[in-house]
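Enquirer: Any chance you could fold what I've pasted below:
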Amino acid sequence: MGSKQKSSKASAERVVKDIRRQIRKQYSAEEKIRIVLEGLRGDDSIAELCRREGIAQGVYYKWSKDFMEAGKKRLAGDITRQANTDEVKALRAQARDLKEVVAEQTLEMRLLKKSMIGDGGEDE
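Expert: Numbers count the residues shown, from 1 in each chain. This is a model prediction of the structure:
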């Protein structure tokens, strides 16, 4: 009987964890920057800021570290950045379109060459 209660409790805990994982707030880059800048201003303690925003202090410090590293790279002249999903999709579509144009042009050139060789290539 005790084993059944333990497995039922473990199952319930797993369900609760899954629900929390699904409803966990996703912060945009702008929100993360706003929170980090508020922490850097120092008006409130980091603990109070994190409590108000509903994040763990470890999350705040990770965002802060990432923010500082990105700033350091930018100031050092590293202007490369990762493309976002929309940019990647647009570039792939553009590359596909360009490949189609090149294929069409190649086919037209081959047809023109064959027609030139067939029509005027023989000296009589």
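
Enquirer: could you measure the residue nearest to Val59 when sequence neighbours are not counted against Gly58, distance?
Expert: Distance criterion C-beta to C-beta, 6 or more residues apart in numbering; nearest residue to Val59, sequence neighbours excluded, is Cys50 at 7.6 Å. Backbone N, C-alpha and C define where each C-beta goes, glycine included. Distance, Cys50 to Gly58, using C-beta to C-beta, to the nearest Å: 9 Å.

Enquirer: who touches the residue nearest to Val59 in this structure?
Expert: The contact partners of Cys50, taken as C-beta atoms under 8 Å, 6 or more residues apart in numbering, are 56-57, 59-60.

Enquirer: Pick out whichever of the residues you listed sits closest to Lys89.
Expert: For the contacts of Cys50, the residue nearest Lys89 by C-beta to C-beta is Val59; the value is 29.4 Å.

Enquirer: The closest one: which element?
Expert: Following DSSP states H and E, one finds Val59 within helix 57-75.

Enquirer: Counting by contacts, list what that helix packs against.
Expert: On a contact count with 3 or more C-beta pairs under 8 Å, 6 or more residues apart in numbering; DSSP states H and E, helix 57-75 meets helix 29-41, helix 46-53.

Enquirer: In whichever strand or helix holds Lys9, which residues are buried?
Expert: Counting by DSSP H and E, the element that carries Lys9 is helix 2-23. Across helix 2-23, burial judged by 16 or more other C-beta atoms under 10 Å covers no residue at all.

Enquirer: Which residues does that helix contact?
Expert: Residues outside helix 2-23 that contact it (C-beta under 8 Å, 6+ apart): none.

Enquirer: for the record, mean pLDDT for it?
Expert: Average pLDDT, helix 2-23: 76.

Enquirer: cool, stretch 88-108 as well?
Expert: Computed over stretch 88-108, the average pLDDT equals 93.

Enquirer: How far does it sit from its chain's centre?
Expert: Distance of stretch 88-108 from its chain centroid, counting by C-alpha atoms, centre = their mean, to the nearest Å, is 25 Å.
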